[in-house]
Each structure stands twice: as C-alpha cells, then as structure tokens.
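*Asks:* 3D, please:
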Amino acid sequence: MESNGNFGGAASGSIPRERPTLKTIAFMTGLGVTTVSRALKDAPDIGAETKERVRMVARQLGYQPNRAGVRLRTGKTNVIALVLSIDEEIMGFSSQMVFGISEVLTGTPYHIVVTPHSHSKDPMLPVRYILETGSADGVIISRVEPDDPRVRLLAESGMPFTTHGRTDAGLVHPYHDFDNEAYAHQAVQKLVARGRRRIALLQPPSKLTYYTHTRIGFQTGLHDYGAEEVPLRVNIDAPLAEIRDAVEHLMRSPGAPDGIVSSAGSATIAVNAGIEAAGKRLGHDVDLVSKQSAPILNWIRPEIITANEDVRHAGREMAKQVIARIDGVDAELLQSISKPEWPEGR
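*Replies:* The predicted structure is shown next:
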C-alpha cells in the first residue's frame, strides 16, 4: 500500500496524522523547543551529541519545516545562497563544494540555493538580487578580491555571509581559504627535489586575492631552493585552448621550463596537452605540479605531481560559518585555512 506522504505514512482512507513539529521532536527527545530549534540550526552553544540526537529523531519523524509559515512568522527564508562561478565546474570543483555544504545543512532548517554566474559578467548582480529580494538568510561567495565590493556590500547590509577566500582591505568577515602560499612554495620544493631549476607558474588572475598568496609562495620557493622563473603569459581564467597553445609555444622555445606549477586542476589538462603537442615527455623533459579537488588528474597522467585541495571540507566549513553568523557568532571567530595535502610518495 502506498504512503500518502503524511507523517507516519498513513494508509489511504485513514485519518492523516499531524505533521511533526518542533514540539513533536522536543517531546520525543525530552528537550525544550528552543534547544531543539537551535540544535537543528547547528548553533555553536549546543553540544554535538545533542545535535545528533535531535537530527536523528527529526529524520525518523520525517520532520520538514514549514518554510512559508516560517517566513511569515519570522521573515526568515531558511535559504543559504551559494553564489558560484559556473566556470569552476569542469573538474567537479562546484559539485564538491555543494556536497560539503549540503552535508552540514542536512538536519537543519536551512537548504542551499545555488546562484550561478560567470566571472566575465558583473559579479555584483547576484549579490544585489539576493539583498533586494530578501531571498536568503545567508550568503556564500567565492573568487574573492583583495578589496571585494561584494564583501563590503554584504557587510554594510548586515547580511550574514562567508567567503571562499580572504580579502585584504581591513574588513573582518568569516572565510575559509586554501593556503595557496604554502602550496606554491611546496610545489617549487618538489620540482627542485627532482632536479628542476627553470620553473613556470600558471597563476590565478591578478584581480583575485589568492594571486598574491600564490605569487608570494612561488617567489619565496624560487629564492629558498635556488630556482628561476620562466614567465608564462597566460592565467587559469584563459580558455583551455589558449592555455594549451601558450604552453606548447613556451615548451618549443629555447628557454623552455623544466618544471611547471599549475594553480587549477582544470587548467592542468590544457597544460599537459600543450606539453605533449610540443613533443615533450611529462616526467622526463618536464615535471608538472597541480592542485586538484578530485582525484582525476592522476588517472589521466600518473606523472603529474598533485596536491589535494579538499573543497568538500571547505563547503562544510563555510556552511557552519554562515549558520553561526546567522546565530550571531562574531565574525573573527569564523575564519579557517586548510593546508595542501600531498599523497604519500608525491
């Protein structure tokens, strides 16, 4: 017999049971309604064991918040808006971040709405839309600039938010970042350990904050390990065909590098294609180091030296941060940086 979707799966023709509420969960757990509500919101002052007990009972009861009612009563939408560049999807970057955020939001009243945009368009548009329509309780943004106007606007509006990446304009705000300075420095170290001395960097666009972090790590690595830079006149935002052509041209030149550091997994595919088009052998004529958010590059070319950037972990961290900010936790307590992870033997 099919369930009609009501609480308890009442059979057709029977009197449907009432929809489970916060009071239902409170009764089942022996906790107060306020405690249950805060546990479902992942409030930092509620213990992990209590949160898990509340979420387990909520799942068993099939509890779903009445979003329309919540908005009428409180003005809240229970929406976290993720403003994400569609250009980051090729290597699963976006999906990994969404998975991580969803893992945290499961069992809370919040759900994620992805607001896609292209980095070639005005980045202020999606943020203005969210603020003007009141369509979210919190916002997560990526591709952060040193003095990012989106961050300033969100801070001035009082909208809870967090960022994937840091700013550098004196604004204190929640963020989770990857240590690109450590990555670039360690990448140079690994290349020099393989006897490479002439190293090119496929870097981020200069407008983004992590460009500076990457350059500092790279230049420091060159200095510390006695290597020199071979300029590569293209960045990771260029079309893949353009990156491939630029790398092929560089590898055919008299001063070709014997090592390359890539700042993006998707761009690394084009770098590898350019090396092959120039008739060079990866791991023999040149070594290549790259970040990756999913273990794909080593399937394509085991010779690529990879560092893992755990984007799913970043998603989890940012989801916790934006919920905590909604709950009033100070921004300076909601900042984190993850280190590059190098597989054994790499």
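*Asks:* ends of stretch 192-210, what's the gap?
*Replies:* Terminal residues of stretch 192-210 lie 23 Å apart, using CA to CA, to the nearest Å.
*Asks:* what residues sit buried inside that stretch?
*Replies:* 192, 196, 198-204, 208-210 (16 or more other CB atoms under 10 Å). Any C-beta I mention is one placed from the backbone N, CA and C, and that applies to glycine too.
*Asks:* out of those, list just those in helices.
*Replies:* 192, 209-210 (DSSP state H).
*Asks:* reformat the residues you listed as CSV; add distance to Ala227 and pLDDT.
*Replies:* Formatted as CSV, those follow (distance: CB to CB, whole Å; pLDDT from 0 to 100):
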residue, distance to Ala227, pLDDT
Val192, 5, 98
Thr209, 25, 97
Tyr210, 21, 97
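*Asks:* show me which of these is closest to Ala155.
*Replies:* Distance to Ala155 across these (CB to CB) is lowest for Thr209, with 15.9 Å.
*Asks:* which residues does that closest one contact?
*Replies:* 144-146, 148, 165-168 (CB atoms under 8 Å, 6 or more residues apart in numbering).
*Asks:* same question, Gln335
*Replies:* The neighbourhood of Gln335, defined by CB under 8 Å, 6+ apart, consists of 174-176.
*Asks:* residue ranges with poor pLDDT in the stretch 1-150 of the chain?
*Replies:* 1-18, 65-75, 87-92, 119-120 (pLDDT under 70).
*Asks:* let me see the ranges of the strands in it.
*Replies:* Applying DSSP state E, counting those that start in this stretch to the stretch 1-150 of the chain gives strands spanning 79-85, 111-117, 138-141.
*Asks:* who touches the host helix or strand of Asn272?
*Replies:* For Asn272, the host element (DSSP states H and E) is helix 265-277. Outside helix 265-277, the residues within contact range by CB under 8 Å, 6+ apart are 88, 90-91, 93, 202, 236, 238, 240-241, 243-248, 250-251, 260, 262, 282, 285-286, 288, 290-294, 296-297, 300-301, 304.
*Asks:* check stretch 310-319 too.
*Replies:* 80, 93, 96-105, 140, 162-164, 174, 176, 178, 293, 336, 338, 341.
*Asks:* reformat the contacts of Thr209 as TSV; add distance to Ile269 and neighbour count.
*Replies:* Below are the contacts of Thr209 laid out as TSV (distance: CB to CB, whole Å; neighbours: other CB atoms under 10 Å):
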residue	distance to Ile269	neighbour count
Val144	25	22
Glu145	26	19
Pro146	29	15
Asp148	29	27
Gly165	23	22
Arg166	27	20
Thr167	30	20
Asp168	30	13
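*Asks:* which among those gets closest to Met56?
*Replies:* Gly165 (34.7 Å).
*Asks:* list the contacts for His164?
*Replies:* Per CB under 8 Å, 6+ apart, neighbours of His164: 97, 140-144, 175-177, 314, 318.
*Asks:* narrow the contacts of stretch 310-319 to those in helices?
*Replies:* Those of those lying in helices (DSSP H): 93, 96-105.
*Asks:* pull out the buried positions in stretch 291-304.
*Replies:* Buried-residue list, stretch 291-304, by 16+ other CB under 10 Å: 291-294, 297, 301, 304.
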